[in-house]
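In: Prediction below, plus the sequence it came from.
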Amino acid sequence: MDDINRREILSPTKRLDATFKPSSSSLDSDLKTSCSSSLDSTWKSPSTSGSGSESSWLPSTPTKDLAWRFSHHSNIDTSTVRGKEETTDRKEKPATASLFSYLAAELKRDYMLEHNEKKLKERRKRVYTFVKTPRELEKFLLFGFMLCLDVYLFIFTFLPIRLILAIFTAIWRLCIKTTHRHLLDPVQKIDMLKGIILIVVTIIFQNIDTSVIYHVVRVQSVIKLYVVYNMLDIADKLLASLGQDLLDALYWTASEPREKKREHVGILPHLLLSLVYVGLHTMLNLAQAIVLNVAINSFNKALLTIMISNQFIEIKTSVFKRFEKNNLFQMSCSDARERFHYLILLLVVAMRNLTEYDWDFGYFCTTFAPFAAVVIGSEFLVDWFKHAFITKFNNIQPEVYTTYRTFLAKNIIHSKHDVVFTGHTDQVSRRMGFTALPLAVLLIKICGQCVKLTGWSGICFAVLGYLCLCAFKLLVSIQIFAKASQYVKEDALSTAAAVERTAKERFYNPSWTFEPLSSVQEIHGGFNSDTKLFTSSQSVVN
């Protein structure tokens, strides 16, 4: 038994070779097992043998024994083992956080923006779109404003001439037998109906005293006037929509061919309805002008402030709604009509105030002009912010207003080929929701009160004024048709360039492309009616 223990102790290298392997993964565990077994065998050998003659070859201390065993083993690196143990100790001790280390980290922290390059470019593009929208909107609104002005000037310039021509045509066909079955052509019938409505309603309104209405409105409280003004604004939009249908029904009833089966109640009931509508709408516009006049002439200007703030409430009621391109087109046309409407109301108020102050233009420049500028300026700001946020929230590009403008231009160009109605005036009225007859009656009423023409000098002044209006109408019409032709040509060139570019992309790229969801679609979790995940370049070319 002593010989066996002595051989086990005398052959430590064999035991270490059998115990320790060159595998680095199990070095720590194998080392601890070998050291513990060697120490046990070392300290148990003398006691087992019971003799002291063998103490000369035993190590004096366990430390020396470990050093002797590691020095005789060539495959173990003691520095590696010590380094791994120190690394393990450092990992077990967590780093202590302090206030100064936190402040240093916050002050030296860097922004890795290049990892979000795609999203940041999209945000920058949205900013550019937001800033670009008012400019594109103003181009469309200016074109729409000029169309409304052209329609409005038509009533005072060319419509009287057309009425005179229609009357002479009817007299000529009555006196001389001709091959015509009717006294008037369909277009001339429509002109006569417009003239009848304009003359009858103007005669009715000549007996209305606006000064009495002004003083009745002025003694009311600010809150009542504010509520009345909002009611008048809503009623104006509703009557404009209803009146266009009534007038179109009257025009079609008058120009419908006789061969067709009669499906209407007759021209006279339609004419009476149209007269009632134009009278009510004119009265409503007159009330709006009086309320605006009271707001401008009041001492505290509280009503004017409330009216201006009421325009900004329109932003709240519009920008948070879902808009498609067709709805945005209707809103844009309504904004152009509303601007022209406010301009006519301010013109009426200016004429009334200048008449009261004996046409003192000093009063106009110091008192009226600043408040009129505030009203018009607030309207501009409201339109800019409203359309900018609508296009931002609905992911609509500003170029859509160019499409709207081109659409109106094409309507004007094609109206030259229409034979049913009088021309582009009815096209614009139906497209933009603008009815010129009530505003025309209102302006005639105010001009009759403010301007007194007597004698030959008055007649000469009226003739010169009419000629100036005709010249101005011609300039506006020529400018509108020139711009319309330019917009249509630009649209044709851009369409041709887009088709050519699409054809080249189809030659180099795959036939199908993927379009990711927009931000609005991701927010709302749905799709627009125009959303297409896959678009074929073949369909675009065709």
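Out: On my side now, so go ahead.
In: Am I right that residue 343 is in a helix?
Out: Yes. Per DSSP: H, G, I helix; E, B strand; the rest coil, residue 343 lies within a helix segment.
In: so who does it touch?
Out: residue 376 (C-beta atoms under 8 Å, 6 or more residues apart in numbering). Where C-beta positions appear, they are placed from N, C-alpha and C, glycine not excepted.
In: change it to 10 Å
Out: 145, 148, 149, 152, 372, 376, 379, 439 (C-beta atoms under 10 Å, 6 or more residues apart in numbering).
In: could you measure it against residue 443, distance?
Out: Using C-beta to C-beta, to the nearest Å, residue 343 is found at 11 Å from residue 443.
In: Kindly report the same for residue 490.
Out: 35 Å.
In: Check residue 408 too.
Out: Using C-beta to C-beta, residue 408 is found at 25 Å from residue 443.
In: repeat for residue 292
Out: 15 Å.
In: Comparing these two, which shows the higher neighbour count?
Out: Between residue 292 and residue 443, residue 292 has the larger neighbour count (other C-beta atoms under 10 Å), namely 23 against 18.
In: can you give me the helices for the stretch 351-500 of the chain?
Out: 361-363, 369-393, 400-414, 424-432, 436-450, 455-508 (DSSP state H, counting those that start in this stretch).
In: which one of the ones you listed lies closest to residue 311?
Out: helix 369-393 (4.7 Å; C-beta to C-beta).
In: buried stuff in that closest one?
Out: Buried residues in helix 369-393, counting neighbours by 16 or more other C-beta atoms under 10 Å, are found at 371-372, 374-375, 378-379, 382-383, 385-393.
In: Between helix 400-414 and that helix, find me the angle.
Out: 110 degrees (axes from the mean of the first three to the mean of the last three C-alpha atoms, to 10 degrees).
In: on contacts alone, who are the packing partners of helix 369-393?
Out: helix 117-156, helix 267-297, helix 302-319, helix 325-356, helix 400-414, helix 519-524 (3 or more C-beta pairs under 10 Å, 6 or more residues apart in numbering; DSSP states H and E).
In: Could you check the angle the fifth one makes with helix 455-508?
Out: If I follow you right, that is helix 400-414. Put simply, helix 400-414 runs at 120 degrees to helix 455-508, going by the same axes, to 10 degrees.
In: Could you give the average pLDDT over helix 400-414?
Out: For helix 400-414, the mean per-residue pLDDT is 88.
In: how about it as PDB, C-alpha atoms only?
Out: The C-alpha trace of helix 400-414 is given here as PDB (Å, rounded to 0.1, in the frame of the first residue of the first chain):
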ATOM      1  CA  VAL A 400     -52.300  69.800 -56.900                       C
ATOM      2  CA  TYR A 401     -53.300  73.500 -57.100                       C
ATOM      3  CA  THR A 402     -51.600  73.600 -60.500                       C
ATOM      4  CA  THR A 403     -53.900  70.800 -61.500                       C
ATOM      5  CA  TYR A 404     -56.900  72.600 -60.200                       C
ATOM      6  CA  ARG A 405     -55.900  75.800 -62.100                       C
ATOM      7  CA  THR A 406     -55.400  73.800 -65.300                       C
ATOM      8  CA  PHE A 407     -58.800  72.200 -64.900                       C
ATOM      9  CA  LEU A 408     -60.500  75.600 -64.700                       C
ATOM     10  CA  ALA A 409     -58.400  76.700 -67.700                       C
ATOM     11  CA  LYS A 410     -59.700  73.700 -69.700                       C
ATOM     12  CA  ASN A 411     -63.200  74.600 -68.800                       C
ATOM     13  CA  ILE A 412     -62.800  78.100 -70.100                       C
ATOM     14  CA  ILE A 413     -61.200  76.900 -73.400                       C
ATOM     15  CA  HIS A 414     -63.900  74.300 -73.900                       C
END
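In: That one - contacts with which helices or strands?
Out: Using 3+ C-beta pairs under 10 Å, 6+ apart: helix 400-414 touches helix 117-156, helix 325-356, helix 369-393, helix 424-432, helix 455-508.
In: what's the answer for the second one, then?
Out: Using 3+ C-beta pairs under 10 Å, 6+ apart, the elements in contact with helix 267-297 are helix 186-205, helix 210-218, helix 222-255, helix 302-319, helix 325-356, helix 369-393, helix 436-450.
In: give me the element the closest residue to residue 188 other than its chain neighbours is part of.
Out: In this structure, residue 188 finds its nearest non-sequential neighbour in residue 166, 4.0 Å apart by C-beta to C-beta, 6 or more residues apart in numbering. Element membership of residue 166, judged by DSSP states H and E, is helix 158-175.
In: Name the residues of that helix that are buried.
Out: 158, 159, 162, 163, 166, 173.
In: neighbouring contacts of it?
Out: Applying C-beta under 10 Å, 6+ apart, the contact partners of helix 158-175 are 153-154, 178-185, 187-192, 194-196, 198-199, 422-423, 425, 436, 440, 466, 469-470, 473-474, 477.
In: 7 Å instead, please
Out: Identification of contacts with helix 158-175 by C-beta atoms under 7 Å, 6 or more residues apart in numbering yields 180, 183, 184, 188, 191, 192, 194, 195, 473.
In: Just give the nearest non-adjacent residue to the fifth one, would you?
Out: Using C-beta to C-beta, 6+ apart and skipping residues adjacent in sequence, the residue nearest residue 191 is residue 162, 4.6 Å away.
In: can you tell me how far that neighbour sits from residue 184?
Out: 11 Å.
In: Repeat that for residue 354.
Out: 41 Å.
In: swap in residue 330?
Out: Between residue 330 and residue 184 the distance is 35 Å, computed by C-beta to C-beta.
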